[in-house]
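**Q** model this:
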Amino acid sequence: MDKYPSDTDEELVVRTLTDRNVFAELIDRYEAKLTRYVRRLGVRTVEDIQDVLQETFIKAYRNLNGFDTSLSFSSWLYRIAHNEAVSWFRKQHVRPEGNLIADSEEIMQFIAGTESSAPVLFDQQVNAAVLNDALYHLDEKYRQPLILRYFEHKNYDEISDILMIPVGSVGTLIHRGKKQLASVIDTAAVRI
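**A** As a prediction, this is how the structure comes out:
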């Protein structure tokens, strides 16, 4: 339940510095979003996702004093979650697997609607299994920006902050990732 509906995340960070109970509000605002994000990065089980989120929120809380409130708290928190998921993969000695994407039709329409030069492929209905498989086969450098842009609805500046790359590189990676995604889906359609 939102006790501070009119407060921005950055204002809640300032409040948390004097009242640690306010941090629960930030957890409430971001738990579901980060759960979805970590799952899409490839952390599979509920227990593993909870472990990654717990580490994310602990790290965020411990480092609130160093957070620059002129920056986006959301991007900062997603960056921490991203790093924690990467650390989890390293500890497990596994490669990210991606996750089921139930909203594939909506996502494909969103991708097609973002560029006038979108391939005709995106007019076709693509089921969740095909999209999930296609994302899994993308180069990692393309998968991450695409997930953040089209599944987490982050803008280029936020993606730049989360992945710690220049904004221009975000655009390039998304453009190339969409081409590679179209190629992978096209190849999958030929096999069917």
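
**Q** Where do the domain boundaries of the chain fall?
**A** 9-92, 104-191 (automatic domain parsing).

**Q** possible to save these as TSV with mean pLDDT, mean neighbour count and distance to Lys3?
**A** Bear in mind the C-beta positions are built from the backbone N, C-alpha and C, glycine included. Shown next, in TSV, are those (pLDDT from 0 to 100; neighbours: other CB atoms under 10 Å; distance: least, CB to CB, whole Å):
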stretch	mean pLDDT	mean neighbour count	distance to Lys3
domain 9-92	92	17	6
domain 104-191	75	17	25
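
**Q** can you give me the helices for this structure?
**A** Ranges of helices in the chain, per DSSP state H, are 9-18, 23-41, 46-62, 73-92, 104-114, 128-137, 140-146, 156-163, 167-191.

**Q** Contacts for the first one, please.
**A** The set of residues external to helix 9-18 that reach it, using CB atoms under 8 Å, 6 or more residues apart in numbering, is 4, 7, 22-23, 25-26, 29, 61, 64-65, 67, 69-70, 72-74.

**Q** try 7 Å this time
**A** Tyr4, Val22, Phe23, Glu25, Leu26, Arg29, Leu64, Asn65, Phe67, Thr69, Phe73, Ser74 (CB atoms under 7 Å, 6 or more residues apart in numbering).

**Q** Quick one: the residues you listed as TSV, columns for distance to Phe151 too.
**A** Output for the contacts of helix 9-18, formatted as TSV (distance: CB to CB, whole Å):
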residue	distance to Phe151
Tyr4	27
Val22	29
Phe23	26
Glu25	24
Leu26	21
Arg29	18
Leu64	27
Asn65	31
Phe67	25
Thr69	27
Phe73	20
Ser74	15
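
**Q** Go through those and say which is closest to Tyr142.
**A** Ser74 (22.2 Å; CB to CB).

**Q** In contact with the closest one, which residues are there?
**A** Ser74 touches Asp9, Glu158, counting by CB under 7 Å, 6+ apart.

**Q** And for Ala81?
**A** Leu34, Tyr37, Val38, Thr56.

**Q** Pull the most distant pair out of those residues.
**A** It's Tyr37 and Thr56 that sit farthest apart of the contacts of Ala81, by CB to CB, at 9.9 Å.

**Q** Kindly check the end-to-end length of stretch 139-153 for me.
**A** 20 Å (CA to CA, to the nearest Å).

**Q** Test my guess that Tyr30 contacts Tyr78.
**A** No: using CB atoms under 7 Å, Tyr30 makes no contact with Tyr78, being 8.6 Å away.

**Q** Nearest residue to Asp48 in space, please, no chain neighbours.
**A** Distances taken as CB to CB, 6 or more residues apart in numbering put Trp88 closest to Asp48, at 6.7 Å, once the chain neighbours are dropped.

**Q** what about the one you found, distance to Ala81?
**A** Using CB to CB, to the nearest Å, Trp88 is found at 10 Å from Ala81.

**Q** Could you do Gly177 as well?
**A** 20 Å.

**Q** ditto for Asn132
**A** Distance from Asn132 to Ala81, by CB to CB: 20 Å.
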